[in-house]
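J.: the following comprises the amino acid sequence and a computationally predicted model.
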Amino acid sequence: MLDIGVTKLAIIGGIALVVIGPERLPGLARTIGTLMGRAQRYVADVKAEVSRSMDLDELKKMKETMEDAARDVSQSIKTGASDFEKQWSDATSDTPASSLAGDVAPSYPQYRHPGKKWRLKQGATPQWYKARAGIRTKALSGAARVARYRPHKFN
């Protein structure tokens with residue numbers, strides 16, 4: 001900014017005190033301070049805007065380079081895929097035509113029954129044994145259980 005030392009500020013303050021007067025000097029100093037603050041904020045805003053525009057330019061350049069790299073990768077993938085398809089078609093065309101025509105039936109594995117007797121597992125314990133041993137075979141609700149096991153009233 002300006003190259004003003006302490007002695008120059010003292011001389012300017014003394015001249016302002018004589019010219020403006022001691023009554024209006026504090027108000028003038030306050031006004032000059034607010035104007036200087038506004039000017040500094042304006043300069044800071046301009047600097048920030050310039051730096052944002054520079055960052056935006058850098059981001060645009062970076063975006064272009066990334067898009068170019070993505071285009072190159074997709075192109076290489078397409079060429080690799082076309083080469084693979086060509087090799088695949090060459091490899092599959094070498095097989096005899098009679099096997100592709102259906103002369104030889106494809107062999108699928110035969111179904112084999114597992115041989116498990118799941119019905120025996122379902123009712124392995126006889127019903128008469130469950131009744132004699134007191135094993136519950138049916139679920140009862142709470143109200144039905146209370147009604148069934150409530151002691152009888154004798155009159």
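T.: Alright, I've got the coordinates.
J.: so for the helix or strand hosting residue 32, what's the average pLDDT?
T.: Taking DSSP states H and E as the criterion, residue 32 maps to helix 25-93. Helix 25-93 shows a mean pLDDT of 92 in the predicted model.
J.: now it, how far from the centre of its chain.
T.: Using C-alpha atoms, centre = their mean, to the nearest Å, the mean C-alpha position of helix 25-93 is found 22 Å from that of the whole chain.
J.: now stretch 13-26
T.: The answer for stretch 13-26 is 65 Å, by C-alpha atoms, centre = their mean.
J.: end-to-end on it?
T.: Terminal residues of stretch 13-26 lie 11 Å apart, using C-alpha to C-alpha, to the nearest Å.
J.: check residue 124 and give its pLDDT.
T.: As summarised for this prediction, residue 124 has a pLDDT of 69.
J.: follow-up on the earlier one: which other helices and strands contact the helix holding residue 32?
T.: helix 6-20 (3 or more C-beta pairs under 8 Å, 6 or more residues apart in numbering; DSSP states H and E). In this view, the C-beta of every residue, glycine as well, is placed from N, C-alpha and C.
J.: pull out the buried residues from the helix it packs on.
T.: By neighbour count on 16 or more other C-beta atoms under 10 Å, the buried set for helix 6-20 is empty.
J.: now what about that helix, what contacts it?
T.: Contacts to helix 6-20, defined as C-beta atoms under 8 Å, 6 or more residues apart in numbering, come from residues 25, 28.
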